[in-house]
Each structure stands twice: as structure tokens, then as C-alpha cells.
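Colleague: Okay, here's the prediction I keep looking at, along with the sequence it came from:
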Amino acid sequence: MLSMVMVLASACASTAEDPVTSGATTPPSGAPGENVVSTGSVPGSDAAPSTAVEPSPVVSTSPGVPPEGFATTAAVATAPDGSTCELCVWLADTADRRSRGLMFVTDLGPADAMAFRYPRPHTGSFWMKNTLLPLSIAFYSPDGVFMEAFDMEPCTSDPCPSYRTPSGFLVAVEAPQGSLDEFGLVEGSTLDLLDLPCDT
């Protein structure tokens, strides 16, 4: 297991002692170009121009494979008790980026997680084709309210199981399995993607 830059990983909790790494997601067959399969929509029809800063090269200090072609953005998770956690997330905000997700990634580099943002409420399924490490995923509604979370296991052979999403989510956040609590991505929380550079 390859270690991740720990500066951001420990931003909201001091309990993370294990190396943090991440895997990948890709679309189930029959849904090219989408990480989440829409039910009753045309594949690729939800693509929208990115509102984030275009990706720039990110230099990782670890020997792992970080995501490529993604920008990072700051995010804030607010727990039910009002406490906040500032996160840095890779932003998958186009059909192509959502399709690639964390595929073949072994190290999140300078970010804590990856956020999959859709231009409209979405329903479908995620799968873990070519994922190298286990992930946890949390779903947020269009108004930023937590909907559901679950763990997903790596899959490097066919067929891979798919994981159904809640109905009408707008943002999904994938993080190393077991880290959602550390980042405040829990039941009763809210999430704001700020479309601002991460404060690293």
C-alpha cells in the first residue's frame, strides 16, 4: 500500500494512522462515458461545462499513481453538530472525468477524495472496474444534504458488481474506505463544493 501526502488527510481528524490510498470507478457496460448509469436518460446527455479551474499538473511527493487530468477544489463538510471539515477533492465534473474517476489510481496525492458532480439530479449505479483499493462513497442531494453512504470493494476481473445509488443525488464523494467519518461525510452532514483552489 502506498502512502498519501498526510497534510490534508489529517485536516479533520487525528485518528488516521494508516497509509491512505485509493482505487477507481468506471461505468457499467452499456453506459459508456459515465461513472454513474442514468436510468432513462441518454448517455452523455448530462455533460456540462466545468465551472472549476482547468486541471494543472500536480506533483506528488509519493511514489503512487495520482489522478491525472483533474482539477482540485476546496470543499467543506458540516457535521450535524455544526463542526466543519475543510477538504481538498479532485473534481470529476464532466462525463469523461466521471467515467475515468479513480481508475488505476493508487495515491490521492494532495487531495483527500474525489467528488463526482453532475449538472442535474442523477440516479444509477457505480461499479469498481479496475479499482485497486477499497473505497467508501457518500451521496449528497442538490441542496447539499447527506443521502446515503456505503463501502465498495475493488474489482479487477469481469463481471464486476454494481452499487445502486440513491435517487436524485447531485454529488458523490469517493474516499479511501473507512475515512468518511474522519472527513465529516456522515449522516446528517452537508457538503459544499467551493470551486476555489485548495489551501495547501
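Modeller: Sure, I can see it.

Colleague: what's the following helix or strand after the longest helix along the chain?
Modeller: When the chain is parsed with DSSP state H, its longest helix is helix 95-100. Using DSSP states H and E, the helix or strand that follows helix 95-100 in sequence is strand 113-122.

Colleague: Residue 196 - how many residues pack around it?
Modeller: 12 (other C-beta atoms under 10 Å). For every residue, glycine as well, the C-beta is placed using N, CA and C.

Colleague: Double-check it against residue 75; I have them as touching.
Modeller: No: counting by C-beta atoms under 8 Å, residue 196 does not reach residue 75; the two are 9.3 Å apart.

Colleague: Could you report the separation of residue 98 from residue 135?
Modeller: Distance of residue 98 to residue 135, given as C-beta to C-beta, to the nearest Å: 15 Å.

Colleague: So these two - more neighbours on which side?
Modeller: Applying other C-beta under 10 Å to residue 98 and residue 135 shows that residue 135 carries more neighbours, namely 28 against 25.

Colleague: for residue 191, what are its contacts?
Modeller: Listed by C-beta atoms under 8 Å, 6 or more residues apart in numbering, the contact partners of residue 191 are 75, 76, 77, 78, 138, 140, 144, 146, 171, 173, 185.

Colleague: Go again with 6 Å.
Modeller: By C-beta atoms under 6 Å, 6 or more residues apart in numbering, residue 191 lies in contact with 77, 140, 144.

Colleague: Kindly report the same for residue 78.
Modeller: 84, 190.

Colleague: mind checking pLDDT for it?
Modeller: Residue 78 is assigned a predicted lDDT (pLDDT) of 98.

Colleague: ok, it to residue 102 distance?
Modeller: Residue 78 is 25 Å from residue 102, by C-beta to C-beta.

Colleague: Output the below-cut-off pLDDT ranges for this structure.
Modeller: For the chain, the stretches flagged by pLDDT under 70 are 1-11, 13-63, 200.

Colleague: the strands in it, which residues?
Modeller: Assigned by DSSP state E, the chain shows strands spanning 71-78, 84-92, 113-122, 125-127, 135-140, 146-152, 162-164, 169-176, 190-193.
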